[in-house]
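>>> how would this look folded up:
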Amino acid sequence: MLAVLAFVEASIALLFVEESGDLRVTLCAIVAIAIAVITLVSAPATRPFPALAGRRRSGTAGFGRLLVVVCWLLRVGVAGVAAGYIAWNADSDAIQPYAAVLVALSMILLVITQWGQHLAGFVTAVDELRGAGLARRVVAIVVAAVTAGVSSYLAALGERFRSLVMDPVWDHTREQWGLPDFLAGIVVALVGFLGLALIASLVGAAMLSIAFAIGPWTRLGRWLIKYSPVKYTRAVSVARISVVGMYATFPVAPNERATRWIYKGVRDSSGPLDAIFLSMLANDVAAAAAVLAPAGGSIVLRVVGDHEEIVLERGPGETELLHKFPEAAALRRIRLALQNIELGLPSTVRGSTEPDALDRDWSSTHEEPSWFSEPTHEDLAKEVLRYPPGAPWVRERLGLPAFHLDW
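Numbering: from 1, shown residues only. Have a look, this model is predicted:
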């Protein structure tokens, strides 16, 4: 945050003050040093907590720690140079390829740092770089690089906004209203904030309109809703719209189509769920399990860390480990909704193959399951790190003290 503020203040100064050579050099140096210092003091961890560390050979762990330190020091230099370069060229009317390369390099070094932490024994260091997470990180690097490359154009837009909106307000409040500079500055800041809020609202409204036109349940529609400056959150009977920290909540009439759309998003979320969505998840699981066990039975999810077992119980002593289950994601989502602030996530979730049986025949426990195959130490550590504090049996196996809240 301090680095961002330093960059913004220096960039504004470069745009709005008399640009002598000495002043430009001084301001660019301030920006570069501020960013470098902030990066320097934000040193990444090199040694995990012993009880939660992954099993690594000493040579591998040592190489990982060395890689973290080297990448961190390189990022200090790259970030400082990138910030100074962008600030120096803030008034340029050309694309800045070197700025794009420097910003991309800084973010790539951060990815390598995470890989180094993984080698050093941090079991969750690369969680967000797996599967779709890696694609999102690549997109983030590209977007950041492009933004840096066109930063001079963004600065020009800021200058245009200032000349069209903020300068006239400043002159009017001082000359026509006779306000002192301090109060005039407050009015200018307020008008600027409202202007930005209006622009964000128009862009967000356009994105939401496109999303609802093509279908909010589609991949593009959900992406537009997620990244729109205007945030739209819909529950069964209430909706909330927010923009730039301001929000409004209003009741809406429940309807089946909207509920199904919300349900599609719920399956990819985490945290507590409304009873209606838990029931819908349970019914999807029951329908899939009923195909495998027409005579009835139970479907059981046993999880700790990345170790997962889905078991079909057709009757007493009749159990089958399922290597594939069509509604495994729904089972995992039900587990996430059952998190306890003192016990973490349940280790076992047991459901019925009967529809509409969530309240009657579903149960969960935080006790250690009877595994088909034993989980690893890393699985136990991942459980505690991802969903603290972790089930009591997990903490005991890791040698961690029992967790109790002092209300």
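>>> gap between Leu400 and Asp274?
The gap separating Leu400 from Asp274 is 33 Å, by C-beta to C-beta, to the nearest Å. Every residue, glycine included, has its C-beta placed from N, CA and C.
>>> Let me fix that, I meant to ask about Gly297.
Applying C-beta to C-beta to Gly297 and Asp274 gives a distance of 27 Å.
>>> how many other residues sit next to Ile214?
When neighbours are counted by other C-beta atoms under 10 Å, Ile214 registers 13.
>>> need the contact list for Ala156.
By C-beta atoms under 8 Å, 6 or more residues apart in numbering, the contact set of Ala156 is Asp93.
>>> Beyond the helix or strand hosting it, next helix or strand please.
Taking DSSP states H and E as the criterion, Ala156 maps to helix 151-161. Remark: after helix 151-161, the chain's next helix or strand is helix 167-175, criterion DSSP H and E.
>>> relative orientation of that following helix and helix 151-161 in degrees?
Counting by axes from the mean of the first three to the mean of the last three C-alpha atoms, to 10 degrees, helix 167-175 lies at 40 degrees to helix 151-161.
>>> So for helix 167-175, mean pLDDT?
In this model, helix 167-175 has an average pLDDT of 84.
>>> follow-up on the earlier one: for Gly297 and Asp274, indicate the residue with more neighbours.
Gly297 (20 against 16).
>>> In this structure the more buried one contacts Gly317, no?
No: contact between Gly297 and Gly317 fails when scored by C-beta atoms under 8 Å: they sit 11.9 Å apart.
>>> how about the strands in this protein?
230-234, 238-243, 246-251, 298-304, 307-315, 318-322, 348-352, 363-365 (DSSP state E).
>>> what's the angle from the fourth one to strand 348-352?
With the same axes, to 10 degrees as the basis, strand 298-304 and strand 348-352 are set at 160 degrees to each other.
>>> partner strands of strand 298-304, parallel or antiparallel?
strand 307-315 (antiparallel), strand 348-352 (antiparallel) (DSSP bridges).
>>> average pLDDT across that strand?
pLDDT averaged over strand 298-304 gives 93.
>>> Okay, now the unreliable bits of this structure?
1-24, 236, 244, 261, 355-361, 406-407 (pLDDT under 70).
>>> Buried residues of the longest helix seen in it, list them for me.
Using DSSP state H to define each element, the chain has its longest helix at helix 181-214. Going by neighbour count (16 or more other C-beta atoms under 10 Å), the buried part of helix 181-214 is 184, 187-188, 191, 201, 204-205, 207-208, 211.
>>> picking that back up, so which of the strands of the chain is nearest Met107?
strand 230-234 (25.5 Å; C-beta to C-beta).
>>> still on that earlier bit, out of the strands paired with strand 298-304, deepest packed?
strand 348-352 (a mean of 21; mean count of other C-beta atoms under 10 Å).
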